[in-house]
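Chemist: build me a structure from this.
(4 chains, ligands or ions: 2)
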Amino acid sequence: MKHSISIFWRDRENHYKLLITKCRNCGKSSYPKLKRCPYCGSTNVEVVESKGRGTLVNYTITYFRVDGSEAMLPKVIGLVKLDEGVKVPAEIVDVPDLSSLKPGLEVEAVLRKYSSDDPHGLIYYGLKFIPSIIKKQ
Amino acid sequence: MKHSISIFWRDRENHYKLLITKCRNCGKSSYPKLKRCPYCGSTNVEVVESKGRGTLVNYTITYFRVDGSEAMLPKVIGLVKLDEGVKVPAEIVDVPDLSSLKPGLEVEAVLRKYSSDDPHGLIYYGLKFIPSIIKKQ
Amino acid sequence: MWGDGMLKAYIASVEMLKIDRHYDKSYVDMALEVIDAVLNGVGLTPSELDYIIVSTAFNSLLTHQVGSSYILAQYLGVKNVNVASVEAGEASGAAALDYAASLVKSGKASKVLVVGFEKMSEYPSWIVNREYSKILNYMVEGIKGVTPPDYAAIIMKEYMSKYNVTREDVFKWSVKMHENASKNPYAQLPFKISKDSYVKSLVMSDPITMHDSFPVGDGAAAALIVGDGFTNNAPKELVELVDVESSVNLPLYLREDLTVFEATAKSLSKLTSKHRVSVTKDMALNVYDTYNIYGLITLESLGVAERGKAHEVIDEMPYLNVGGGLKARGHPVGATPLYQLGELYKLMTEGFAGMKYDGEYGIIHSMSGPDNTSWLVLLRRCVR
Amino acid sequence: MWGDGMLKAYIASVEMLKIDRHYDKSYVDMALEVIDAVLNGVGLTPSELDYIIVSTAFNSLLTHQVGSSYILAQYLGVKNVNVASVEAGEASGAAALDYAASLVKSGKASKVLVVGFEKMSEYPSWIVNREYSKILNYMVEGIKGVTPPDYAAIIMKEYMSKYNVTREDVFKWSVKMHENASKNPYAQLPFKISKDSYVKSLVMSDPITMHDSFPVGDGAAAALIVGDGFTNNAPKELVELVDVESSVNLPLYLREDLTVFEATAKSLSKLTSKHRVSVTKDMALNVYDTYNIYGLITLESLGVAERGKAHEVIDEMPYLNVGGGLKARGHPVGATPLYQLGELYKLMTEGFAGMKYDGEYGIIHSMSGPDNTSWLVLLRRCVR
Ligand SMILES: [Zn+2]
Ligand SMILES: [Zn+2]
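Modeler: Ligands and ions are numbered 1, 2, ... in the order given. Next up, the predicted model:
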């Protein structure tokens, strides 16, 4: 086993959509969809969907292996600041040239494969980000 | 991963031989090979090898699944009292007729397969017990 | 030892979630639900807590989360609080209560929330069985495929033969537990069963059937442990968390006698020598019965029944496992001692399962595997 | 709070195992080795202990053992003792010390042995990396493949750009840690490194290289925490375990400023308000530096350096991470806070790494991930 189907499925909204929790008590927004504001603890929150666009706060090119294959390395892991103001940790994919990565780069969310169980197991999909320039081309 | 090679390998003496720890302090014997007597805590112990014969204290026929295949069920798990006086938990195999199992049955140790990692992974071997009557036949 | 001149610790509230396969709830959802219920009940906000002590045995194995105590605090939106998890196998919750009581009795904290949870339904049962079996010694037992129900089966067969006790006698435990659970709104199996329902029940490790063992389920329960200061506005009937004691037994294969729980007996003798309590038939008692046979042996090890005779006394014990025990209430492992506490706390104050207990002492017994470590929690009703 | 009228807790002994890949030792072997050393040193037998508190973060994941506290007691041959494990991610050992101190200060126990261990070499590194990454929130970070060194890398880049600090400046931390470790007989990497050795080091998460991060190793360390009664025969210089405080931070992605550790700062302000201590450059201080950058930010969050300036003060701090920090001493996770304690305890009494500290206070800082929870342990030297 690598993942639990129920853990993934229960949270599928957060894997398939970029959801933001807005607090009516302290006014802060947070990621992902939450029942309670992590800043002030209030349950007086509403959930809205992000437009899926933002800029790269910063990123790393990583070789740190957490599965048995090296095929996918290096990966780019970034912290994205959505236009709605909240930050999201995510993988950045489809980067044509790693040297084009820089803080401030415009990115947008896309649905991609996260991982799969065993060779014949389930495939988990979720959101990653791509540089917006790719879509504009 | 199912097992750790190093955990198994470090303890290989206990998987391949029936070893008994004799305490020079309190006089009690225990299983397996230990650095310290579990009865009195003394480190004044010697390790001897069992002749591998004993009798069944009691046993269970079990259907409790702890791996992905049902092929091996039911299994017989027993508590064996060695002729040297110590008790050992172990799988009992090669039982021609489950109804022949009973407390007091004479059994002896044999080397068998414990389990294997993944279809193409390592195979772990260790001691199990068989009814002595089988060898006598 | 905790003496008379010292600070005391009290139970201010206990809340429980109905045990079930909660596929729609994560461990965080379950824990926050009972934490909320406790805090709302006593009128506190999360940030007023000094500590959140988590009890879980399998969360890192079954939900892939190490450090679930601070993850919970992050979801709760609190920063000042101290958070940590306590684990002692199946007795984790009792050890967590001990840490909480020590914090209060040392004066370090006055509001400690203990939350126990276990998410047992994230994986198919063979994986859950495999992870659960890690409460035995992996290097000796686990690696050979020896599992907890195997030991229960062997112990049960030894017991029946040694004391000339029948299958039906042992099964009386299940029947009583289901009877009790039928009145417990938080029980996973709140229904009665017939005295021979083991006959058609799926065999786990013969003679242990599904009906001799606990159901696998998700659960969470939270308790607020407080110091004297907090109890000013407390209700008239208050429950003191008097003491927690535990002991360790040899692994099963090294025991001379398989049909007695020596760590359980030893823990009681510690409590007896400190507080002069003994266990009586009319006492509120909540014991671990992962398997029927363990419930019976526990009663005998606690001195409330003669060896081999526990099945004859259980009907004379009105306050025994009023929630239905692990057998019928369920056993979400890290949470179980908190359910035991909740049942006793309510029984001693507002009433539980249609009953009210007016005796002075209540005892919770928790253990991991067959008495590998056994914990007793001593509660005392204080009328103010 | 723990006040002046209350019982006090002291360190009676700390023993450590050299950190290494101990393929020949199980977690039990390692733990018993340091427990023996502690008990032999003070002339106690195992059965005289009131409690054994275990600190481990990954033992259930990496050695398949839940309930390792009672398994240890079974190998040790003790039955009367209370045993439990404490876990708070990478800060587990600090929480275990808190439980121990509470037991002593509440009068519940007078001889509590805390043993921390972690067996990090039972599996190939990709599996260890995967399990280690479970200190982050699996549901948000783990499931997406976001790992601890990724966060360290992002924090380091933010820090360098915000404060105009160079790669070389950050790397001064590694150089100092290796210099210190070269005098520590228990260190995993007891050798000096050059100021630009990161250039040839394997990249983990750019710019974090192996030389910016801790080595993976096995280790165990044990401490005996005692009450006043035990200290009658104690040496002239005694170390008091004054207090333990912790706080929780938001997950990294919810923080406004990525370059400060607010939970660390908050924990210090708790200690300051209770004991009027602050952190100074000449204080004995042992901080968590899973990555160089975390060491620097911790110093700033503890107020001993201005933001962005920590690299300028580390050479003015003679008693900073005298054992070489996580970077060079190593980081057998559950054991690490016990190594920190051992280094400080020895530094404050018999001397350590060729140095002796005569100041009054020493502080240990432990945290899980980038400040998810941060713990401070306050020690005080008492000359009798
Ligand atoms: Zn808010
Ligand atoms: Zn002995």
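
Chemist: quick check, pLDDT for C:Gly3.
Modeler: Predicted confidence (pLDDT) at C:Gly3: the value is 55.

Chemist: which residue sits closest to the residue nearest to the spatial centre of chain C, ignoring its sequence neighbours?
Modeler: By C-alpha atoms, centre = their mean, chain C has its centre lying nearest to C:Pro337, at 2.6 Å. Nearest residue to C:Pro337, sequence neighbours excluded (C-beta to C-beta, 6 or more residues apart in numbering or on different chains): C:Gly93, at 2.8 Å. C-beta coordinates here come from the backbone N, C-alpha and C atoms, glycine included.

Chemist: please state the offset of the host helix or strand of the one you found from the chain centre?
Modeler: Per DSSP states H and E: C:Gly93 is located in helix C:92-105. Remark: helix C:92-105 is offset 14 Å from the chain centroid, using C-alpha atoms, centre = their mean, to the nearest Å.

Chemist: and what of stretch C:283-291?
Modeler: Counting by C-alpha atoms, centre = their mean, stretch C:283-291 comes out at 8 Å from the chain centroid.

Chemist: show me what contacts residue 39?
Modeler: In the absence of a named chain, this looks at chain A. A:23, A:26, A:28, A:30, C:77, D:250, D:254 (C-beta atoms under 8 Å, 6 or more residues apart in numbering or on different chains).

Chemist: you looked at the wrong chain, it should be chain C
Modeler: C:45-46, C:49, C:113, C:224.

Chemist: got a pLDDT number for the closest residue to C:His331 other than its chain neighbours?
Modeler: In this structure, C:His331 finds its nearest non-sequential neighbour in C:Phe214, 3.9 Å apart by C-beta to C-beta, 6+ apart. Note on C:Phe214: pLDDT of 98.

Chemist: next, count neighbours for C:Phe214.
Modeler: 24 (other C-beta atoms under 10 Å in any protein chain shown).

Chemist: wait, it sits on C:Gly330?
Modeler: Yes - counting by C-beta atoms under 8 Å, C:Phe214 touches C:Gly330, with 6.4 Å between them.

Chemist: where's whichever residue of the stretch 151-300 of chain C sits closest to ligand 1, which helix or strand?
Modeler: Here the stretch 151-300 of chain C gets closest to ligand 1 at one residue, C:Ala222, 22.6 Å apart by C-beta to the ion. Using DSSP H and E, the element containing C:Ala222 is strand C:219-226.

Chemist: can that strand be found next to chain A?
Modeler: No - when contact is scored as C-beta under 8 Å from any C-beta of the partner chain, no part of strand C:219-226 falls within range of chain A; the minimum is 14.9 Å.

Chemist: ranges for the helices of the stretch 251-384 of chain C?
Modeler: Taking DSSP state H, counting those that start in this stretch, the helices of the stretch 251-384 of chain C run over residues C:262-275, C:292-301, C:310-313, C:325-328, C:336-348.

Chemist: with mean pLDDT as added columns, please give these in TSV.
Modeler: Below are the helices of the stretch 251-384 of chain C laid out as TSV (pLDDT from 0 to 100):
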stretch	mean pLDDT
helix C:262-275	97
helix C:292-301	98
helix C:310-313	98
helix C:325-328	98
helix C:336-348	98
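
Chemist: contacting residues for C:Arg381?
Modeler: C:237-240, C:348-349, C:357-362.

Chemist: go again with 10 Å.
Modeler: C:237-240, C:284, C:344-345, C:347-349, C:357-362 (C-beta atoms under 10 Å, 6 or more residues apart in numbering or on different chains).

Chemist: now do C:Gly323
Modeler: C:16, C:19, C:177, C:180-181, C:183-187, C:190, C:286, C:329-330, C:339-340, C:342-344, C:346-347, C:352-353 are the contacts of C:Gly323 under C-beta under 10 Å, 6+ apart.

Chemist: how close does it sit to ligand 1?
Modeler: 37 Å (C-beta to the ion, to the nearest Å).

Chemist: SS state for residue 61?
Modeler: You didn't say which chain, so I picked chain A. Of the three states, A:Ile61 takes strand according to DSSP: H, G, I helix; E, B strand; the rest coil.

Chemist: ok, and the closest non-adjacent residue to C:Leu258?
Modeler: Closest to C:Leu258 by C-beta to C-beta, 6+ apart is C:Glu158, at 4.7 Å.

Chemist: can you give me the strands for chain A?
Modeler: With DSSP state E, the ranges of strands along chain A come out as A:19-23, A:29-30, A:45-49, A:53-62, A:75-82, A:87-92, A:106-116, A:123-131.

Chemist: the ones you listed: which one's closest to chain B?
Modeler: strand A:106-116 (15.6 Å; C-beta to the nearest C-beta).

Chemist: coming back round to it: show me which of the contacts of C:Arg381 is closest to A:Pro74.
Modeler: C:Tyr345 (54.5 Å; C-beta to C-beta).

Chemist: that closest one touches C:Ile11, doesn't it?
Modeler: Yes - the pair C:Tyr345 and C:Ile11 passes the contact test of C-beta atoms under 10 Å, sitting 5.1 Å apart.

Chemist: mutual contacts of these two, please.
Modeler: C:223, C:239, C:241, C:379.

Chemist: quick check: the closest residue to C:Gly369 other than its chain neighbours vs ligand 2, distance?
Modeler: Counting by C-beta to C-beta, 6+ apart, C:Gly369 lies nearest to C:Ile135, which is 5.1 Å off, once chain neighbours are set aside. C:Ile135 is 26 Å from ligand 2, where distance means C-beta to the ion.

Chemist: repeat for C:Leu224
Modeler: Counting by C-beta to the ion, the gap from C:Leu224 to ligand 2 is 45 Å.

Chemist: so that residue makes contact with C:Gly43?
Modeler: No - the pair C:Leu224 / C:Gly43 is not scored as a contact, 11.1 Å apart, by C-beta under 10 Å.

Chemist: picking that back up, give the contact list for the residue of the stretch 151-300 of chain C closest to ligand 1.
Modeler: So C:Ala222 contacts C:13-17, C:30-39, C:52, C:54-55, C:113-117, C:335, C:338, C:341-342 (C-beta under 10 Å, 6+ apart).

Chemist: which bits of the stretch 251-384 of chain C sit near chain D?
Modeler: For the stretch 251-384 of chain C, the residues in contact with chain D (C-beta under 10 Å from any C-beta of the partner chain) are C:251, C:254, C:262-263, C:266-267, C:269-270, C:333, C:367-369, C:372-375.

Chemist: got any ranges where the stretch 51-200 of chain C has weak pLDDT?
Modeler: Nowhere does the stretch 51-200 of chain C drop to pLDDT under 70.

Chemist: just the helices in it please.
Modeler: C:59-62, C:68-76, C:92-105, C:125-132, C:148-163, C:167-181.

Chemist: got the angle for the second one vs helix D:92-105?
Modeler: Note on geometry: by axes from the mean of the first three to the mean of the last three C-alpha atoms, to 10 degrees, helix C:68-76 and helix D:92-105 are set 100 degrees apart in direction.

Chemist: pick out the residue in the stretch 151-300 of chain C sitting closest to ligand 2.
Modeler: C:Leu254 (11.1 Å).

Chemist: hmm, that residue is touching B:Tyr31, no?
Modeler: Yes - taking contacts as C-beta under 10 Å, C:Leu254 lies within contact range of B:Tyr31: 7.2 Å.

Chemist: of the two, who's got more company?
Modeler: B:Tyr31 (25 against 17).
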